[in-house]
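**Student:** Would you be able to build a 3D model of this:
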Amino acid sequence: METFKRTENQAKILAGMGKVYEKLIAFKKKSNSELIILKDNKIVRIKP
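**Tutor:** Here you go, the predicted structure:
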């Protein structure tokens, strides 16, 4: 099995995406709106 090393840019992008995800969850809770995700090839609505 091969292992791949992440470049510096890839690490920054993943870190940024993590921050955006956390902000999205906080925003959805604050505005009391549903979070819509794809789970097992089905669209799922999650209420805060």
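
**Student:** so which helix or strand takes in Ile43?
**Tutor:** Per DSSP states H and E, Ile43 falls inside strand 42-46.

**Student:** Give me the contact list for that strand.
**Tutor:** For strand 42-46, the external contacting residues (Cβ atoms under 8 Å, 6 or more residues apart in numbering) are Glu34, Leu35, Ile36, Ile37, Leu38. Just so you know, the C-beta spots here come from the backbone N, C-alpha and C atoms, and that holds for glycine as well.

**Student:** would you turn the residues you listed into JSON lines with pLDDT, neighbour count and secondary structure?
**Tutor:** JSON lines is the format used below for the contacts of strand 42-46 (pLDDT from 0 to 100; neighbours: other Cβ atoms under 10 Å; DSSP: H, G, I helix; E, B strand; the rest coil):
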{"residue": "Glu34", "pLDDT": "94", "neighbour count": "12", "secondary structure": "coil"}
{"residue": "Leu35", "pLDDT": "92", "neighbour count": "14", "secondary structure": "strand"}
{"residue": "Ile36", "pLDDT": "93", "neighbour count": "10", "secondary structure": "strand"}
{"residue": "Ile37", "pLDDT": "93", "neighbour count": "10", "secondary structure": "strand"}
{"residue": "Leu38", "pLDDT": "95", "neighbour count": "8", "secondary structure": "strand"}
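
**Student:** Give me the distance between the residue most central in space within the chain and Glu2.
**Tutor:** Nearest to the mean C-alpha position of the chain, by Cα atoms, centre = their mean, lies Tyr21 at 4.1 Å. The gap separating Tyr21 from Glu2 is 28 Å, by Cβ to Cβ, to the nearest Å.
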